[in-house]
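> mind folding the following:
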Amino acid sequence: MGEGDDAISEEINDILTQVATNTPANKNTGNAVLFECVKTIMAIESSNTLKTLAINILGKFLSSKESNSRYAMSILI
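Here you go, the predicted model:
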C-alpha cells in the first residue's frame, strides 16, 4: 500500500499518524495494528516525523516485558 507511489504515500501519512498515536498497545489486537502500521510507515515514502514515530513504537515494543511483542518487532529490524 503506497510503496513506490508518492501521491498515495502522501495521502495516507495523516491516517497512519492517527492510527499510530491513537491505538492502545495494551492488548494483542492493538499490538497487531501497530505492527502493521510500522511496517507500512517504513515501506512507503513517509515523512521523517512519521518515521520517527514508527521508530519510537519499535522501541516501546522491544523494551516490552512481553516476549511476543519483542519477537514480532525484531522481525522488522
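> now the helices for the protein?
Ranges of helices within the chain are 6-22, 28-43, 48-62, 67-76, based on DSSP state H.
> mean pLDDT lowest where, among these?
Per-stretch mean pLDDT for the helices of the chain is lowest at helix 67-76 (a mean of 63).
> thinking again about what came up before, can you put the helices of the chain in TSV and add mean neighbour count?
Where C-beta positions appear, they are placed from N, C-alpha and C, glycine not excepted. Supplementary listing: these in TSV, determined by neighbours: other CB atoms under 10 Å:
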stretch	mean neighbour count
helix 6-22	14
helix 28-43	17
helix 48-62	15
helix 67-76	13
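> give me the distance between residue 13 and residue 46.
Residue 13 is 6 Å from residue 46, where distance means CB to CB, to the nearest Å.
> again but with residue 19, I slipped
From residue 19 to residue 46 the distance is 13 Å (CB to CB).
> same question, residue 61
Computed as CB to CB, the residue 61 to residue 46 distance reads 18 Å.
> how about residue 55?
Taken as CB to CB, the span from residue 55 to residue 46 is 11 Å.
> what touches both of those two?
The contact sets of residue 55 and residue 46 do not overlap (CB atoms under 8 Å, 6 or more residues apart in numbering).
> quick revisit: and for residue 19 and residue 46, which residues touch both?
Between them, residue 19 and residue 46 share no contacting residue, judged by CB under 8 Å, 6+ apart.
> once you drop chain neighbours, what's closest to the most centrally placed residue in the chain?
With distances taken as CA atoms, centre = their mean, the residue of the chain nearest its centroid is residue 38 (1.8 Å). Leaving aside its sequence neighbours, residue 38 sits nearest to residue 54 (CB to CB, 6 or more residues apart in numbering; 4.6 Å).
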